[in-house]
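Asker: everything below, folded, please.
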Amino acid sequence: MSQWCEQQVVVPNPQGLHVRPAQRIAEIAQKFQATITISRDDGEPVNAKSPMNILQLSGPQGMKLTIRAEGPDAQQALAELVALVERGFDEM
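Answerer: As a prediction, this is how the structure comes out:
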């Protein structure tokens, strides 16, 4: 039985979701077995393990994103990614 979880976050940093944050998200996501996606309210989910896919979200400051993880380590993956976003991608 696979477990899944999701949480909505808000992009906090003034530069929004750009190359460095996309790389940090992908680095963290790649540590986990879980399938992890990120989506905007108005868009299709993208693979969080691919920085190029994440950049397609074009996330300005204040944009809401939904992070979803499914797999054996889904809760830990989600917790680490949410913490990264809440820290402003370690840029603030």
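Asker: only C-alpha atoms from now on, for both contacts and neighbour counts.
Answerer: OK.
Asker: hang on, Cys65 in a strand?
Answerer: One thing to correct before we go on: residue 65 is Leu, not Cys. Yes: under DSSP: H, G, I helix; E, B strand; the rest coil, Leu65 sits within a strand.
Asker: neighbours of it, how many?
Answerer: Using other CA atoms under 10 Å, Leu65 has 21 neighbouring residues.
Asker: next one, pLDDT for it please.
Answerer: For Leu65, the pLDDT comes out at 96.
Asker: look up the residues forming beta bridges with it.
Answerer: When bridges are called by DSSP bridges, Leu65 pairs up with Val9, Arg40.
Asker: show me where the protein dips below the pLDDT cut-off.
Answerer: Applying pLDDT under 70 to the chain flags the ranges 1-2.
Asker: mind listing the helices for it?
Answerer: Listed in chain order, the helices found in the chain under DSSP state H are 19-29, 51-55, 74-86.
Asker: what does the shortest one contact?
Answerer: If I follow you right, that is helix 51-55. Helix 51-55 is touched from outside by Leu17, His18, Val19, Ala22, Gln23, Ile25, Ala26, Ile38, Val46, Asn47, Ala48, with contacts defined as CA atoms under 8 Å, 6 or more residues apart in numbering.
Asker: who's in contact with the fifth one?
Answerer: For Gln23, the contacting residues are Pro51, taking CA under 8 Å, 6+ apart as the criterion.
Asker: next one: it from Asp42, what distance?
Answerer: Between Gln23 and Asp42 the computed distance is 23 Å (CA to CA, to the nearest Å).
Asker: before we move on, the earlier item: now which of the contacts of helix 51-55 would you call buried?
Answerer: Among these, the ones that count as buried by 16 or more other CA atoms under 10 Å are Leu17, His18, Ala22, Gln23, Ile25, Ala26, Ile38, Val46, Asn47, Ala48.
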